[in-house]
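*Asks:* A structural model of the following input is requested.
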Amino acid sequence: MSPLVKGIGVSAGIAIGPGWVYRPIKVEVKRFDDCDPLGETTRLDDALAEAKSQISELRVRTLGVIGKEEAAIFEAHLMFLDDPEFITAIKGIIDEQKINAEAAVEEVVEHFAGEMLALEDEYFRARAQDIRDIGQRVIYCLSGVDTKSLELPKEPVIILADDLTPSDTVQFDRRVLLGLCTVRGGPTSHTAILARSLGVPAAVCVPFRLDEIEKSALVILDGREGELTIDPSDEQVSAAKTNQTVWQADWQTQLAAASKPAVTLDGHTVEVVANIGNVGDARQAIEYGAEGVGLLRTEFLYMDRQTMPNEELQVSEYKEIFDVMGNRPLVVRTLDIGGDKEVAYLGLNEEPNPFLGWRAIRMISERPEVLHNQFRALLRAGVGIDLRIMIPLVSNLDEVIKARQILDEARQALINEQLPAAENVQFGIMVEVPSAALMIEHIAGYVDFFSIGTNDLTQYTLAIDRTNERVADLASPFHPAVIQLIARTIETARTKSKWVGLCGEMAGDPLATPLLLGLGLDEFSMAPTSIPVVKQVIRNLELKECREIARAALGLPSSEAVKEYLSQFIV
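*Replies:* Predicted coordinates for the structure are as follows:
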């Protein structure tokens, strides 16, 4: 058997073909002091103009080859290059330090990227790659590097790379692209997003060594399992071809049925909805059969700004997403930013452990107007839709009572001003902290629903930083302690006649589907591309059997034992 390395699958499918190692052009940025600020600023302006021209070309190419939503990646890049804060920061360093433009760009880009990487939400951490992509292009332009001179594959290959930026990914000819596999990256990176849009298998965080792969060596890439097999045997190739044929047939079946309800064999229906972060995600969610939204992240409105987004801007941004979703139920998470992000206008300070500090709902102790303004905007934008609002990182009852009071005050203020406001809005909380899971019976009287955030619940229960590569593999939502908390949340909420959703990555894992069904979960919320598969898994299960499965799983002693037990029920 040939070596097999495992990472994270981000775009399902099986690719078999030659591996082609992609090595982007590297520019070593050197710092030069005592430069002429005027001359360097002029060079910067010229480079910015050239970068915009190149990105505009990429946008047009992406629009024609892939689609509108994917082209929006480069629209965002163009907006960033016009961001006064970004440009002013670079020019400020050039003026103050009298250094060359390349060094100033690198310093500012790493500062902005560092802010994104410090955020706990994987979705926003992945945006650091966009910022570095933009910065690299500007540095290319300053250095006179012609990226078009890079030799690209002309025959069908599986691209292997340390990491891929959006610019890297879209330059490959779709006709020769069999799959994408990177050593770094995450499930919400644009490598993952673009691979899914292109319909090619992809895996990230795969621990292989680029220099150990011979040019054109045959490889097998399983984008569902995140597995890369290097120089496979004839038997492995034969098995992969069989699996490839089966997977393609299964995917077409799942996709064709994606818009249908998720109903078990014995007639039990659950909601399958999407986690989204922008209007493009909303369109993709509908394409893949989402019945609504279980998590709308709102941080995008507050980041990389010097002032608080005003109410009118918030209303406009929310309405654009709400209009796409129509009359489908839509759960919005209020602002989840804290000491891990430098947002000067919020009065955040650097903290030794920001993920346990002054963040999310805890900010209402000092900045209640932030939540009040967000509630006002959501109520105005949500007129006529099935709007549900939830607050993150709840750890005690006082936070819930205070937040509900602020929501009521925001609604009354709109009524007093004779402005339209959404009616019958459901109010809920995220169950991410063990104390919240253990206090459901007390909190239930103040909320309409609960949404379990298993990513955070796992790391807070197990005291594991899931962004730390050395311990991240220990942070499993299948850990007995975590599933016990999930079970308790659902069971207690049911006794109080409250519904429960789950919006962590666990919801999109087919292995967890029978467990969560058996525990009585009402709503599964996941990345849009996971919806067709999970719906199909649900349709192949019986609720009665799942209850027995859940009961047995709750008695197992380890994550590995739970996963091994559940694997026998997934075909």
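*Asks:* list the contacts of the nearest residue to residue 501 once chain neighbours are set aside.
*Replies:* Distances taken as CB to CB, 6 or more residues apart in numbering place residue 523 nearest to residue 501, at 3.3 Å, with adjacent residues excluded. Quick note: C-beta positions are derived from backbone N, CA and C, even for glycine. For residue 523, the contacting residues are 270-273, 294, 451, 499-502, by CB atoms under 8 Å, 6 or more residues apart in numbering.
*Asks:* out of the helices and strands in this structure, which is least certain?
*Replies:* Lowest by mean pLDDT, DSSP states H and E among the helices and strands of the chain is helix 122-125, with a mean of 68.
*Asks:* list the buried ones in stretch 485-493?
*Replies:* Neighbour counts over stretch 485-493 (16 or more other CB atoms under 10 Å) mark 485-490, 492-493 as buried.
*Asks:* tell me which residues in the strand or helix carrying residue 107 are buried?
*Replies:* Using DSSP states H and E, residue 107 maps to helix 101-118. Within helix 101-118, the residues that count as buried by 16+ other CB under 10 Å are 101-109, 112-113, 115-118.
*Asks:* and if you look at stretch 213-223?
*Replies:* 213, 217-223.
*Asks:* dump these into CSV; add distance to residue 324, secondary structure and pLDDT as well.
*Replies:* Shown next, in CSV, are the buried residues of stretch 213-223 (distance: CB to CB, whole Å; DSSP: H, G, I helix; E, B strand; the rest coil; pLDDT from 0 to 100):
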residue, distance to residue 324, secondary structure, pLDDT
213, 42, coil, 79
217, 44, coil, 83
218, 43, strand, 92
219, 38, strand, 93
220, 38, strand, 95
221, 33, strand, 95
222, 33, strand, 94
223, 27, coil, 90
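*Asks:* for the closest residue to residue 208 other than its chain neighbours, give me its contacts.
*Replies:* Nearest non-adjacent residue to residue 208, counting by CB to CB, 6+ apart: residue 5, 4.9 Å away. Taking CB under 8 Å, 6+ apart as the criterion, residue 5 is in contact with 206-208, 227-228, 230.
*Asks:* so which of the residues you listed wins on neighbours?
*Replies:* Counting neighbours by other CB atoms under 10 Å, the top entry in those is residue 228, with 26 neighbours.
*Asks:* and it, how far from residue 316?
*Replies:* 44 Å (CB to CB, to the nearest Å).
*Asks:* and residue 241, by the same measure?
*Replies:* The value you get for residue 241 to residue 316, if CB to CB is used, is 51 Å.
*Asks:* so residue 288 sits right up against residue 531, yeah?
*Replies:* Yes: using CB atoms under 8 Å, residue 288 makes contact with residue 531 at a distance of 4.7 Å.
*Asks:* look at the two and report which has more neighbours.
*Replies:* A count of neighbours by other CB under 10 Å puts residue 531 above the other of residue 288 and residue 531, at 28 against 22.
*Asks:* can you give me the helices for the stretch 301-450 of the chain?
*Replies:* 311-325, 368-381, 397-416, 434-437, 440-443 (DSSP state H, counting those that start in this stretch).
*Asks:* would JSON lines of those helices with mean pLDDT, mean neighbour count and distance to residue 38 be doable?
*Replies:* As requested, the helices of the stretch 301-450 of the chain are exported to JSON lines (pLDDT from 0 to 100; neighbours: other CB atoms under 10 Å; distance: least, CB to CB, whole Å):
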{"stretch": "helix 311-325", "mean pLDDT": "94", "mean neighbour count": "18", "distance to residue 38": "35"}
{"stretch": "helix 368-381", "mean pLDDT": "93", "mean neighbour count": "21", "distance to residue 38": "41"}
{"stretch": "helix 397-416", "mean pLDDT": "95", "mean neighbour count": "16", "distance to residue 38": "50"}
{"stretch": "helix 434-437", "mean pLDDT": "96", "mean neighbour count": "20", "distance to residue 38": "57"}
{"stretch": "helix 440-443", "mean pLDDT": "96", "mean neighbour count": "18", "distance to residue 38": "60"}
